[in-house]
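Engineer: I would like to see how this sequence folds:
(one chain, ligands or ions: 1)
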Amino acid sequence: MSYPDYVKLVEVGPRDGLQNEKSQVPTEVKVELVNRLAAAGFANVEAGSFVSPKWVPQMADSAAVMGAIERRQGTIYSVLTPNMKGFEAAVEAGADEVLIFGAASEAFSQKNINCSIAESIERFAPVARAAHDAGIRLRGSISCSLGCPYQGEVAPEAVVDVARRYLDLGCVEVDVADTIGVGTPRQTAAVMAAVARVVPVERIAGHFHDTYGQSLANIVAAMQVGVAIFHASVAGLGGCPYAKGATGNVATEDVLYMLHGMGIRTGVDLDAVVGIGLWISQRIGRRNESRAGNALAAREAAACR
Ligand SMILES: CC(C)(COP(=O)([O-])OP(=O)([O-])OC[C@H]1O[C@@H](n2cnc3c(N)ncnc32)[C@H](O)[C@@H]1OP(=O)([O-])[O-])[C@@H](O)C(=O)NCCC(=O)NCCSC(=O)C[C@@](C)(O)CC(=O)[O-]
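Structural biologist: Residues are numbered from 1 along each chain as shown. Reported below is the predicted structural model:
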């Protein structure tokens, strides 16, 4: 089996991780989270979301977060933009990268962004043109690539179809997202291989939620197909407000522990991320979902006794 020498990790905790929290997380906590993650070495931190505050109130302060963070050279700060209104706010906030987010499932597209897949692509087209003109990186996410909470199975061809449209729009990366964490490794490999027939594999990212505990296995399966970009959330924070029951993303600490153990470089400081995971879990009163994070913290505490 061959694996990449280097994996690019996109830390999505400040956005995907916090968008579903029941109580409002203070802006200054979000700012500190983004700053600490960037300092830990991530090439890309998803810092916020310019969506309707009626749909996702938790992200309503994204402009304030973007305005208060310290910019670290070498880190891409990305935000979600479903339409031109979101894009204009993202430009104003100084985002380095904007994310258009559609779905491979019609039912989920309606629930999440209130339009069909075809309509979403029409809405994304002016965002893509404006991003190109402004020299801002454009990324495209495909929700429900491995299953949908409303319609169940999703055909790989539906994922490939959206991926092809994103490529035509000029996306530099295409995120294959398992929104509800139902996918298993063979299925993941098949969907990634199908997408790789239309998108260069170095531009495909895996975005896995860990609802069924399959994420690490799915990352390994995706790497075997050649994928070398993955998304993860510190302490396994998160969940999608429009995918009931879905848990957070795969925990960043678990991914780092696995990749570093396999001799794969990430440029990210695992010890720093373990500390951030403990801090944010305590700060927002949530259980730390990272197995590796908790184990490493316990080992460190035992060594200090
Ligand atoms: C797309 C819309 C806006 C359509 O929502 P809509 O209601 O059809 O839109 P609209 O154009 O009719 O606007 C309705 C109101 O929203 C406002 N509005 C409209 N756009 C914006 C904007 N950009 N920023 C701020 N406000 C906005 C607009 O001004 C108006 O305000 P009103 O006149 O009623 O006061 C809505 O459905 C929405 O915001 N959805 C976002 C849902 C969301 O954020 N979901 C979670 C993120 S996706 C995710 O987590 C999946 C991912 C990426 O992680 C991958 C995976 O795991 O699957």
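Engineer: Model confidence at the residue of the chain most remote from its centre, what's the number?
Structural biologist: If you look at how far each residue of the chain sits from its centre, by CA atoms, centre = their mean, the farthest one is residue 305, at 37.1 Å. Residue-level confidence at residue 305 comes out at 83, pLDDT.
Engineer: From residue 73, how far off is it?
Structural biologist: Summarising the geometry, the distance separating residue 305 from residue 73, computed by CB to CB, to the nearest Å, is 39 Å. C-betas here are computed from N, CA, C, even on glycine.
Engineer: cool, residue 128 as well?
Structural biologist: Shown here: residue 128 relative to residue 73, a distance of 27 Å by CB to CB.
Engineer: neighbour-wise, which of the two wins?
Structural biologist: In terms of neighbours (other CB atoms under 10 Å), residue 128 is the more surrounded of residue 128 and residue 73; the figures are 21 against 5.
Engineer: and the more buried one, that's in a strand?
Structural biologist: No: Residue 128 is assigned helix when assessed by DSSP: H, G, I helix; E, B strand; the rest coil, not a strand.
Engineer: I'd say it and residue 170 touch.
Structural biologist: Yes: counting by CB atoms under 8 Å, a contact exists between residue 128 and residue 170, whose distance comes to 5.4 Å.
Engineer: so what sits against both of these two?
Structural biologist: Common neighbours of residue 128 and residue 170, counting by CB atoms under 8 Å, 6 or more residues apart in numbering, are residue 138.
Engineer: What residues does the residue in the stretch 201-305 of the chain that the ligand sits nearest to make contact with?
Structural biologist: Ranking the residues of the stretch 201-305 of the chain by distance to the ligand (CB to the nearest ligand atom) places residue 240 first, at 4.1 Å. Contact partners of residue 240, counting by CB under 8 Å, 6+ apart, are 16, 19, 20, 112, 143, 179, 209, 246.
Engineer: and these as TSV, adding pLDDT and distance to the ligand?
Structural biologist: Output for the contacts of residue 240, formatted as TSV (pLDDT from 0 to 100; distance: CB to the nearest ligand atom, whole Å):
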residue	pLDDT	distance to the ligand
16	95	5
19	95	6
20	89	8
112	95	5
143	98	3
179	96	3
209	97	6
246	81	8
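Engineer: What subset of these is buried?
Structural biologist: The neighbour-count test (16 or more other CB atoms under 10 Å) marks 16, 19, 20, 112, 143, 179, 209, 246 as buried among these.
Engineer: Send me stretch 29-42 as CSV with only the CA atoms.
Structural biologist: These are the backbone C-alpha positions of stretch 29-42, laid out as CSV (Å, rounded to 0.1, in the frame of the first residue of the first chain):
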residue,chain,number,x,y,z
VAL,A,29,-13.4,32.3,22.6
LYS,A,30,-13.8,31.7,18.9
VAL,A,31,-11.0,34.2,18.2
GLU,A,32,-8.7,32.5,20.7
LEU,A,33,-9.6,29.1,19.2
VAL,A,34,-8.7,30.2,15.6
ASN,A,35,-5.5,31.9,16.8
ARG,A,36,-4.3,28.9,18.8
LEU,A,37,-5.1,26.5,15.9
ALA,A,38,-3.3,28.6,13.4
ALA,A,39,-0.3,28.8,15.8
ALA,A,40,-0.3,25.0,16.0
GLY,A,41,0.6,24.9,12.3
PHE,A,42,-2.6,24.3,10.3
